[in-house]
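Q: Provide a 3D model corresponding to the input given below.
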Amino acid sequence: MSKKLVILGAGGYANTVKDVSEQLGYDVIAMLDDRFADRTLDSFTKYIADDTEFIPAFGNNEFRLSWCDKITRADGRLATVVHTTAYVSPTASVEKGVVVLPKAVINTDVTVKRGCIINLGAIVDHGCVIEQGCHICLGAIVKGENRIAALSKIEAGEVVQLRQYPVNK
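A: Numbers count the residues shown, from 1 in each chain. Next up, the predicted model:
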């Protein structure tokens, strides 16, 4: 039996998340958005069930993270969506509410916290911590041993140099 998924959002990023989720075998049972009178965001609670997960699919980091909080406070289960072509090291930790898109790399001893987007072709190298609600954009590179602050956006093609924002363990 496939897992059911409810996507919060219905814009371009939400459609990307829907596409990837369906490739992973999810049954997307609803896309909620306040533009739909019968499927507003606040209607998410009627979908809470043991076999259903939720993923907030908003480009706005703060809004996405706030929805991660609302879902978990309501006892909903957050999904973690990782495309099959992404590489996630077995020593990495990827928390709930994270989406990892095609060809992304999450290398050795990386921690990606709740509600992040690791976009197409992005690379997060060894020993990094990506705090909650971040967006590592298309083709961005976060070199080793960096801590990216919560709600940060590393723009497409940007390179964060080695230890620019050191991890203090």
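
Q: how far does stretch 148-165 sit from the chain's center?
A: Here stretch 148-165 shows a centroid-to-chain-centroid distance of 16 Å under the convention CA atoms, centre = their mean, to the nearest Å.

Q: meant to ask about stretch 56-70
A: Using CA atoms, centre = their mean, the distance from the centre of stretch 56-70 to the centre of the chain it belongs to is 9 Å.

Q: one more: stretch 135-146?
A: In terms of CA atoms, centre = their mean, the gap separating the centre of stretch 135-146 from the centre of its chain is 14 Å.

Q: can you list contacts of that stretch?
A: By CB atoms under 8 Å, 6 or more residues apart in numbering, the surrounding residues in contact with stretch 135-146 are 59, 61, 104, 107, 116-130, 148, 152-167. Any C-beta I mention is one placed from the backbone N, CA and C, and that applies to glycine too.

Q: report the buried members of those.
A: Buried subset of the contacts of stretch 135-146 (neighbour count, 16 or more other CB atoms under 10 Å): 61, 104, 107, 116-130, 148, 152-154, 160, 165.

Q: surely residue 113 is in contact with residue 131?
A: Yes. In this structure, residue 113 is within contact of residue 131 by CB atoms under 8 Å, at 5.4 Å.

Q: what do the two both touch?
A: For the pair residue 113 and residue 131, residues contacting each of them under the criterion CB under 8 Å, 6+ apart are residue 150.

Q: neighbour-wise, which of these two wins?
A: Looking at residue 113 and residue 131 with other CB atoms under 10 Å, you find the greater number of neighbours at residue 113, namely 20 against 17.

Q: among the buried ones among the contacts of stretch 135-146, which lie within strands?
A: Of the positions in those, 117, 118, 123, 124, 129, 130, 148, 153, 154, 160 sit in strands, assigned by DSSP state E.

Q: tell me the confidence at residue 169?
A: On pLDDT, residue 169 comes in at 52.

Q: ignore the last one, residue 2
A: Residue-level confidence at residue 2 comes out at 67, pLDDT.

Q: OK, contacts around the closest residue in space to residue 33 that isn't next to it in sequence?
A: Nearest-residue entry for residue 33: residue 10, 3.8 Å, with adjacent residues in sequence omitted and distances by CB to CB, 6 or more residues apart in numbering. With contacts taken as CB under 8 Å, 6+ apart, residue 10 has the following neighbours: 31, 32, 33, 35, 36.
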